[in-house]
Each structure stands twice: as C-alpha cells, then as structure tokens.
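Asks: Let me see the structure of the following:
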Amino acid sequence: LTRALACMSRYGDDITIHVDTDSFCVSATNSSETAYCKFRYERLFFSRYYANINYGESFEAGKLSAKTLLSILKNRSFENAVDRCEISIAEGNPDEREDQDSLASNMIIRLFCKHGKIAITSIEPGVIKTHRIVLSVPLCIGAPCVPESAAESRLTMGPKSIRSMLRHFPPGGPKQDPQLVWVFTYTDVTVHWAKSPLDLKHKEISTQMKLEVTEFETYELASSPITIAFHMREFCATIAYAESMDLTLDLCFTNGADPLFINVRAERGDALFIIGSATAPEDLVKSSQQSQSKSQEASSKTR
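Replies: Numbers count the residues shown, from 1 in each chain. Presented below is the predicted three-dimensional model:
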C-alpha cells in the first residue's frame, strides 16, 4: 500500500477513497486532470475487511492528502517496529457537539508496534500509535472508460526493460516538463524527446532510442505508424511502481489524441493508470508542411 501511495503522490496531492463490500480503492488525479490512477485491493488482500454497507453497494469515503497518509504508514522512526495496522473510517455524526467538526468523516489509523521481540496485539499503553485524519468531500471526477474501438493497439512489457530505456531520458531532460514521443510501427518502436518548432529550426541534437518488437511480450498494432506523446512525470511513477512490485504492464491506446491506458495486475488487486496524450509538436509542423506542399501542388496544377 505504501508503494501505491508513493506512486499516487506523483499523480496528485490528494487521494480519494472508494469502498464497497468486495474491495477497497484509492485514486488520484493531477491538477490539470490529464492523468489519473486507481489502485483496487480485493478484500482477501487484507487479513480482515469489513464494510458496513449492504452487499453490492459502494460509497466515496472521502479525500485526504497522499503525503500525509504516506508519512504515517511509512515513518522511518518506527516503520520496522509495526506488527500490524488497522484502518477504519468513521462517518460524521450531525448529533454530536456543535463545537466539533461532526459532519466530516475521519480516518483512524492504529499502528500496533512490537515490544522487544514480542509482537503486542492487545491494547496496552505505549504500544499502539493512533492517528486521526479528517476526510474532505471528494470531487465527482470519474475515471474515463477505455474506448471501444477496432483501432485499439495493445502492448505488454516488463517494467525493467522500459526503465532501462528511460535511463537515456532523465526527468530533468532538455525542459522542465518534458514530453516523450513514441512512434510505433510493425517492426519497432522509436522514442525521442518532443521538439518544438524552434528546436526543429535550430536542428538541435536530441536522444533517440529504438526498441525491436521482440522486446515486448505482446505487440498488437491496429495500424502503422502510430505516434503519441505524453509527459514523463506520471509515466515514470507508474514504471517505478510496477518495477518495485515486479509486475508486467499492459498498455492500450488508439491514436495520438486519446489517452494512454496502463493496466497492472497483481494477485489480489490491480491498478489502472490513464495518461493524457497529445500530438507531438514536430508532427504538427510536419502536418503543416505537408498541407502547404499539397496546396502549392494544387495551385501549380491549376495554372
């Protein structure tokens, strides 16, 4: 769970908690609403799971800071001393005292710490650390659905191969918020920095990598070539999470205008990552040049 929280903190400052009778979900959206991630944990992931709702029902428990929750669950001062963790959500009660924020729900975290070499599981003074976090009302932002299209492309690849390739494109890059351009063909995949019209004019040197289709476990393209571009921040966070869990990534996309969907499946849960893509700046320049060339040809034919 702490690895998921670390990943979500790269997507957005806040996380939203969604609860139903069979699973526990946490999600995050970035401030520009161009990237989204959701982690779903089945009830069997937990040693004990109970939702006080009717079967088949669900509810949004609330929103809280990802870094706040991460700092509690991954506190280096006592992280190795924690034997188990209990998380409960108490809904607000309007009948409580007026001087209290009674309408807000609270997340209560109880960390049962070890005492010497013996794990203390009963309630005893000094061995339980309790934290209470007030949950705010989440915004109603749902995850976009995977588009049903005959032009859907799917790739499957291990995170270590992608990480090895990304080492040639450090996050600092040539710009503060760099974009990577991916060009998919039937034989290979080319990756390079996105170039602005100014970069193209000055013909600046940039890094370019090529991957053979044999690097992928699954490689199914609807057409060729397909070019997509997206920012690195959320993508790198996704790769880091998958690598830390040793999980394979399933990538799905249609064209350069639609989002990139990444699915990561674990034994008792899964994760969905959606990253907005855009047409690469150099592709816009090429398209403009091609349009100008066609118009000039048409003009010369009419003369």
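Asks: can you list the domains in the protein?
Replies: The chain breaks down by the TED database into domains covering 1-134, 153-295.
Asks: JSON lines for those domains, including mean neighbour count and mean pLDDT?
Replies: Every C-beta, even on glycine, is put in place using the N, C-alpha and C of the backbone. Below are the domains of the chain laid out as JSON lines (neighbours: other C-beta atoms under 10 Å; pLDDT from 0 to 100):
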{"stretch": "domain 1-134", "mean neighbour count": "15", "mean pLDDT": "82"}
{"stretch": "domain 153-295", "mean neighbour count": "16", "mean pLDDT": "81"}
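Asks: And the strands in the stretch 1-150 of the chain, which stretches?
Replies: 14-20, 23-29, 35-42, 58-65, 82-90, 106-115, 118-119, 128-134 (DSSP state E, counting those that start in this stretch).
Asks: nope, the stretch 201-303 of the chain is what I was after
Replies: With DSSP E, counting those that start in this stretch as the criterion, the stretch 201-303 of the chain has strands spanning 208-212, 218-220, 226-231, 249-253, 260-266, 269-275.
Asks: still on that earlier bit, closest to His231 out of the strands of the stretch 1-150 of the chain?
Replies: Closest to His231 of the strands of the stretch 1-150 of the chain is strand 35-42 (C-beta to C-beta; 8.0 Å).
Asks: ok and the closest one relative to strand 269-275, angle-wise?
Replies: 170 degrees (axes from the mean of the first three to the mean of the last three C-alpha atoms, to 10 degrees).
Asks: and Lys114, how far is that from Ser47?
Replies: Distance of Lys114 to Ser47, given as C-beta to C-beta, to the nearest Å: 17 Å.
Asks: just Gln208 next, same as before
Replies: From Gln208 across to Ser47, the span is 49 Å (C-beta to C-beta).
Asks: Compile the strands of the stretch 201-303 of the chain into TSV and extend it with columns for distance to Ala90.
Replies: Compiled in TSV, these are given as follows (distance: least, C-beta to C-beta, whole Å):
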stretch	distance to Ala90
strand 208-212	50
strand 218-220	45
strand 226-231	38
strand 249-253	37
strand 260-266	29
strand 269-275	24
